[in-house]
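Undergrad: Fold the following.
(2 chains)
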There are 2 protein chains.
Amino acid sequence: MTLIDEERLVAPQDDYPTRLRDAEHTMPRRDPVIWSDWSPDAPISRAEADHYDQKGYLIRNDLFTPEEVETLIAASTRIRNNAAGIRPEDLVTEPGTDEVRTLFRLDDHSPVFSRLARDARLADTARFLLGDEVYLHQSRLNYKPGFTGKEFYWHSDFETWHAKDGLPRMRAVSASVLLTDNSALNGPLMLIPGSHRQFIACQGETPDDNHETSLKKQQTGVPSTDMLERLVAEAGLDAATGPAGTVIFFECNTLHASNGNVTPFPRSNAFFVYNAVSNAAQAPFAASKPRPDFLSNRTATEPLAVHHDRVRMD
Amino acid sequence: MTLIDEERLVAPQDDYPTRLRDAEHTMPRRDPVIWSDWSPDAPISRAEADHYDQKGYLIRNDLFTPEEVETLIAASTRIRNNAAGIRPEDLVTEPGTDEVRTLFRLDDHSPVFSRLARDARLADTARFLLGDEVYLHQSRLNYKPGFTGKEFYWHSDFETWHAKDGLPRMRAVSASVLLTDNSALNGPLMLIPGSHRQFIACQGETPDDNHETSLKKQQTGVPSTDMLERLVAEAGLDAATGPAGTVIFFECNTLHASNGNVTPFPRSNAFFVYNAVSNAAQAPFAASKPRPDFLSNRTATEPLAVHHDRVRMD
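TA: Here you go, the predicted model:
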């Protein structure tokens, strides 16, 4: 009793301090990458587990049947055509129109995608990787049009989720289910392999650096260009491409980015962040208050019930 | 005599009217793609000529030796390190710094690149493709940094050169000499194969189109998204990638674009626009006055003297 009470009185330990005032620095990862021991009944092969462990991501293009992929695409189209009925706080629309760019809490708005989030092919992989029951920390439908798709700069999701949302450990994994074909030319997810093995504690404030050129300007909460250059020089740069239906699992601390897209080919995906139930959000480690629930689920944190049937339209 | 005098009195015929008030439309190309008959002593093979004729571009990665490529890279680095001495009107620098982004009239500022512009491997290919002596309509060194490289939207160079600079015919070709490796991920030149075979007369003014979403907004002097979608659906999209030293020849009317680039890998190239001497700039066809000389050379239009020796540092 005494011990428990004392634990409640002290602030949770911060194993990954970030948004530092002085300077960026790195520290070794203090968590396993895969929280289960592999065995032949694991949902991924030993080679796939080794790849995820070493590279920080895993691409599967054999999980869904063509009919299932068609069902998912049809469901996403239906959502975008019926945006008017969706609660505005979950929607990001194209300025001046009701064209959907992002729909948050996707599993809340669509029976098909709710089922997909609980599909064994995704959720059991997440349960294996995280060695725990899982819940959705965030889910969303992304729709990036052709011609005007914007870039997304390099970052570790964990750095944000730890700093702003209060996830204590590196014990979360994202699954991006591609709903359009993604080539190297239409702004695919790019990842720095192996970058998940260290934590980059980011400089929190833009320094008063007149000696630096604007090219090299430090952005808040992202690695420096020097750091990125070094990591990519060492490990290279991978692009997660594939046809619609491809699933990209990537570890929460893997550095990733995507280029803008002037091709006519849009990019769309359903995006699920699985967090271990034992890693539920605490108070933010580097923010005064947590982000809203649609970005950082703090309410519906019961373990997902895994579905083993095929994806189908209701 | 009478005929000649009469010709001088009438405005030059405009075979490619563009920047139209009402609507975009297309017309067939009214010029050959290759202005010479191929023969075994041509500077490119028959297969290469056929490729250029059909696709509107040609990629050569066998033209320069590694030592020559090193010489060109060293020369470009020297230019960027000595930007202070260059006349400001030819320089585009990074805002707030003297970091060079673009140096125009490249052949005027560098003996190495002046020689390169006259190198038989470039200039003789241009002379063959254009069936005439050639001069440089424009030349520049492009340096796009990693992390912050911006996209360039779809356009036909000829549409601009005709409308704004007064080039009457489709009788020009660009040669881009890569000075960095270019992959599909760091914003390579993308081309719509076969797009050079028709002229897209662009709508000149942004229409008052409240019915259109901003996603689809018509930009001035560029093809519509509907047009681009149709062309790419028919012919696909090619990316001109290759190691430093690769040369991309592309026909003046081939639609091209490039994505932005958040990778650490910069993109640099030396860019030469060869125009047939018989196609020299007239009064602009859709502008009140021509662009300045560094963009649209109207003074140094004598035929280039072709060099046959290797590229070397002076």
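Undergrad: what about A:Ser258, distance to chain B?
TA: Noted for A:Ser258: a distance of 8 Å to chain B, by CB to the nearest CB, to the nearest Å. From N, CA and C alone the C-beta is placed, and that goes for glycine too.
Undergrad: If we ignore the residues flanking it in sequence, what's nearest whichever residue of chain A sits closest to chain B?
TA: Scanning chain A for proximity to chain B using CB to the nearest CB identifies A:Ala184 as nearest, at 3.5 Å. Excluding the flanking residues, the one nearest A:Ala184 by CB to CB, 6 or more residues apart in numbering or on different chains is B:Ala184, at 3.5 Å.
Undergrad: does the one you found count as helix, strand or coil?
TA: Using DSSP: H, G, I helix; E, B strand; the rest coil, the secondary structure recorded for B:Ala184 is coil.
Undergrad: So what's the residue count around it?
TA: Per other CB atoms under 10 Å in any protein chain shown, the neighbour tally for B:Ala184 reads 18.
Undergrad: Does it touch A:Leu185 like I think?
TA: Yes: judged on CB atoms under 8 Å, B:Ala184 makes contact with A:Leu185 at a distance of 5.6 Å.
Undergrad: quick one: common contacting residues for these two?
TA: B:Ala239 (CB atoms under 8 Å, 6 or more residues apart in numbering or on different chains).
Undergrad: is the residue most central in space within chain A in a bridge, and if so with what?
TA: Centroid-nearest residue in chain A, with CA atoms, centre = their mean: A:Ser174, separated by 4.1 Å. In this entry, A:Ser174 is beta-bridged to A:Phe250, A:Val273, by DSSP bridges.
Undergrad: Could I get the contacting residues of it?
TA: Going by CB under 8 Å, 6+ apart, A:Ser174 touches A:Asp157, A:Ile248, A:Phe249, A:Phe250, A:Cys252, A:Phe271, A:Phe272, A:Val273, A:Tyr274.
Undergrad: Got a ChimeraX select line for the buried ones in those?
TA: Typed into ChimeraX, the line below selects the buried ones among these, using 16 or more other CB atoms under 10 Å in any protein chain shown:
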select /A:157,248,249,250,252,271,272,273,274
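Undergrad: Just give me the neighbour total for A:Glu68.
TA: 18.
Undergrad: Quick one: residues contacting it.
TA: A:Gly245, A:Arg310, A:Val311, A:Arg312.
Undergrad: and if you look at A:Arg105?
TA: A:Asp90, A:Ser139, A:Arg140, A:Phe294.
Undergrad: thought the residue of chain A closest to chain B was touching B:Gly187?
TA: No: if you go by CB under 8 Å, A:Ala184 and B:Gly187 don't touch, sitting 11.0 Å apart.
Undergrad: Give me the common contacts of those two.
TA: By CB under 8 Å, 6+ apart, no residue touches both A:Ala184 and B:Gly187.
Undergrad: Could I get the full set of helices for chain A?
TA: For chain A, applying DSSP state H gives helices covering A:2-9, A:46-55, A:66-81, A:106-109, A:111-117, A:120-130, A:157-160, A:225-235.
Undergrad: low-confidence ranges in chain A?
TA: Low-confidence segments of chain A (pLDDT under 70): A:1-11, A:95-96, A:205-219, A:313-314.
Undergrad: Write out the residues of it neighbouring chain B.
TA: A:94-97, A:99, A:145-148, A:151-154, A:183-185, A:187, A:190, A:213-215, A:225, A:228-229, A:232-233, A:237, A:239, A:257-265 (CB under 8 Å from any CB of the partner chain).
Undergrad: Just grab the bridge partners of the nearest residue to A:Glu48 once chain neighbours are set aside for me.
TA: Excluding the flanking residues, the one nearest A:Glu48 by CB to CB, 6+ apart is A:Leu58, at 5.6 Å. For A:Leu58, the beta-bridge partners under DSSP bridges are A:Phe249.
Undergrad: A:Ala75: how many residues sit nearby?
TA: Around A:Ala75 there are 23 residues (other CB under 10 Å).
Undergrad: Ok, A:Thr65 next?
TA: When neighbours are counted by other CB under 10 Å, A:Thr65 registers 12.
Undergrad: Give me the nearest residue to it, chain neighbours excluded.
TA: Nearest residue to A:Thr65, sequence neighbours excluded (CB to CB, 6+ apart): A:Arg310, at 7.3 Å.
Undergrad: State whether the one you found and A:Pro66 are indeed in contact, as I suppose.
TA: No: between A:Arg310 and A:Pro66 there is no contact under CB under 8 Å: 11.9 Å.
Undergrad: So these two - more neighbours on which side?
TA: The residue with more neighbours, out of A:Arg310 and A:Pro66, is A:Arg310; 13 against 10, by other CB under 10 Å.
Undergrad: about what we covered before: I'd like the helices of chain A written out as CSV, with distance to B:Pro303 added.
TA: Output for the helices of chain A, formatted as CSV (distance: least, CB to CB, whole Å):
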stretch, distance to B:Pro303
helix A:2-9, 85
helix A:46-55, 55
helix A:66-81, 57
helix A:106-109, 63
helix A:111-117, 65
helix A:120-130, 65
helix A:157-160, 59
helix A:225-235, 44
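Undergrad: Tell me which of these lies nearest to B:His51.
TA: The closest of the helices of chain A to B:His51 is helix A:225-235. By CB to CB, the value is 33.5 Å.
Undergrad: What is the burial count for the spatially closest residue to A:Glu151 that is not a sequence neighbour?
TA: Spatial nearest neighbour of A:Glu151, excluding adjacent residues (CB to CB, 6+ apart): A:Gly260 at 4.2 Å. Close neighbours of A:Gly260, defined as other CB under 10 Å, add up to 22.
Undergrad: ok, now A:Asp62?
TA: With other CB under 10 Å as criterion, A:Asp62 counts 9.
Undergrad: what are the phi and psi values for it?
TA: Torsion angles at A:Asp62 (phi, psi; degrees, to the nearest 10) stand at phi -120, psi 20.
Undergrad: Next, work out how far apart it and A:Glu68 are.
TA: Using CB to CB, to the nearest Å, A:Asp62 is found at 12 Å from A:Glu68.
Undergrad: Repeat that for A:His256.
TA: Taken as CB to CB, the span from A:His256 to A:Glu68 is 26 Å.
Undergrad: got it, and A:Ile59?
TA: Taking CB to CB, one finds A:Ile59 at 17 Å from A:Glu68.
Undergrad: next one: A:Val247
TA: Distance from A:Val247 to A:Glu68, by CB to CB: 11 Å.
Undergrad: do the same with A:Asn82
TA: For A:Asn82 relative to A:Glu68 (CB to CB), the value is 21 Å.
Undergrad: And for A:Gly187?
TA: 25 Å.
Undergrad: just A:Ser110 next, same as before
TA: To A:Glu68, A:Ser110 is 15 Å away according to CB to CB.
Undergrad: My guess is A:Pro290 contacts A:Lys164. True?
TA: Yes: A:Pro290 sits in contact with A:Lys164 when judged by CB under 8 Å, with a separation of 6.9 Å.
Undergrad: anything in contact with each of those two?
TA: With CB under 8 Å, 6+ apart as the test, A:Pro290 and A:Lys164 both reach A:Pro284, A:Ser296.
Undergrad: between these two, which one's more packed in?
TA: When neighbours are counted by other CB under 10 Å, A:Lys164 comes out ahead of the other of A:Pro290 and A:Lys164, with 21 against 16.
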